[in-house]
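Engineer: Pasting the sequence and the predicted model now:
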Amino acid sequence: MTAKRYVALGSSMAAGPGIAPRDKTAPLLAARSAANYPHLVAQRLGLDLVDVTYSGATTAHVLTDRQNGEPPQVDALDGTEALVTITIGGNDVGYVPLLTAAALPGAVRSVPVLGGRLRELLDPTARDRALVEVGPALENVGRETRARAPRARVLFVDYLTLLPPAGEDAAPLSGADAALGRRVAATLERLTVEAAAATGCEVVRASDASRDHHAWSADPWTTKPSRFGLPLPGRPFPAHPNAAGMRAVADLVVAQAG
């Protein structure tokens, strides 16, 4: 690469919440790690990183909406980029929130207000509606990124596999909730590939590379959902990449973009 500018767009799956050390230049609510895959890729390829990944981001936060006062992520693009990576879509469809809800004790689903939100997250029909909407949204992200960074290689980096294969235990998730999570993940994976193909972008298949490194495996690249729904201080967030996962994703990106 002759140009050196690298912009990383995305949600917590790219930001790396809870992975030490924290990126002290980032907004606190971004929960961005200085050892996330964008930082590791930039170091290995000698690129100048602009990391605007932000935990909780949706495709709307990438394209049009401010997030806790921060501008839409695509505003970081100025047309001089050599590389752009994008990890987004899971929050649009409630993927990690679904897993978080599924891990909580069943009695919590009866709590007023909160219980209704949890039941909605675990409703297959509601998840299917969200999946229908996220496909065009991902295409809009790819199209707008290509327009703003016309000389860059634009790589959609999909989500690491969180859940074990069908038939394997995913406690504390029930079999039905785990099956819903797998279906959401598989559909999001397919839609990401389709969006990249439709917009002239590439795909880094982190999901495929991590099938044997799910959160319940002997060598996990992600963490299990928590029964309490909350992260522990100084630890990677539940149902998110761990440090090994970030290194693995960085390896994949470098192999494809280097």
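Structural biologist: That came through, no problem. Numbering: from 1, shown residues only.
Engineer: Check which element follows the host helix or strand of residue 207 along the chain.
Structural biologist: Using DSSP states H and E, residue 207 sits in helix 206-209. As assigned by DSSP H and E, the chain's next helix or strand after helix 206-209 is helix 243-257.
Engineer: Please spell out which residues along that next one are buried.
Structural biologist: Of the residues in helix 243-257, 243, 245-246, 248-250, 252-254, 257 count as buried by neighbour count, 16 or more other CB atoms under 10 Å. For the C-beta atoms, the positions are set from N, CA and C on the backbone; glycine is no exception.
Engineer: same check, this time on stretch 172-187
Structural biologist: 172-173, 177-178, 180-182, 184-185, 187.
Engineer: Is it possible to get TSV of the residues you listed that adds distance to residue 97, pLDDT and secondary structure?
Structural biologist: Below are those laid out as TSV (distance: CB to CB, whole Å; pLDDT from 0 to 100; DSSP: H, G, I helix; E, B strand; the rest coil):
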residue	distance to residue 97	pLDDT	secondary structure
172	16	93	coil
173	13	96	coil
177	12	96	helix
178	15	97	helix
180	12	98	helix
181	11	98	helix
182	16	98	helix
184	10	98	helix
185	13	98	helix
187	16	98	helix
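Engineer: Residue 12: which of those is nearest?
Structural biologist: residue 185 (15.1 Å; CB to CB).
Engineer: re the thing from before, out of the buried residues of helix 243-257, flag the one nearest to residue 18.
Structural biologist: residue 243 (9.7 Å).
Engineer: got the contact list for that closest one?
Structural biologist: Residues in contact with residue 243 (CB atoms under 8 Å, 6 or more residues apart in numbering) are 19-20, 35, 236.
Engineer: Most neighbours among those residues, which one?
Structural biologist: Within the contacts of residue 243, most neighbours by other CB atoms under 10 Å means residue 19, with 25 neighbours.
Engineer: so is it in a helix, a strand, or just coil?
Structural biologist: Here residue 19 is coil, with the state taken from DSSP: H, G, I helix; E, B strand; the rest coil.
Engineer: what's around the closest residue to it other than its chain neighbours, how many residues?
Structural biologist: Nearest residue to residue 19, sequence neighbours excluded (CB to CB, 6 or more residues apart in numbering): residue 33, at 3.9 Å. Neighbourhood size, residue 33 [other CB under 10 Å]: 28.
Engineer: Now do residue 33 against residue 245, distance only.
Structural biologist: Going from residue 33 to residue 245 by CB to CB, to the nearest Å gives 11 Å.
Engineer: what's the answer for residue 120, then?
Structural biologist: Residue 120 is 28 Å from residue 245, by CB to CB.
Engineer: burial count for residue 89?
Structural biologist: Residue 89: 30 neighbours (other CB under 10 Å).
Engineer: Quick check, it in contact with residue 137.
Structural biologist: Yes. Counting by CB atoms under 8 Å, residue 89 touches residue 137, with 7.4 Å between them.
Engineer: Need the residues touching each of those two.
Structural biologist: Common neighbours of residue 89 and residue 137 (CB under 8 Å, 6+ apart) are residue 59.
Engineer: Helices of the stretch 1-150 of the chain, start to end?
Structural biologist: 12-15, 37-45, 59-63, 90-93, 95-103, 114-121, 124-148 (DSSP state H, counting those that start in this stretch).
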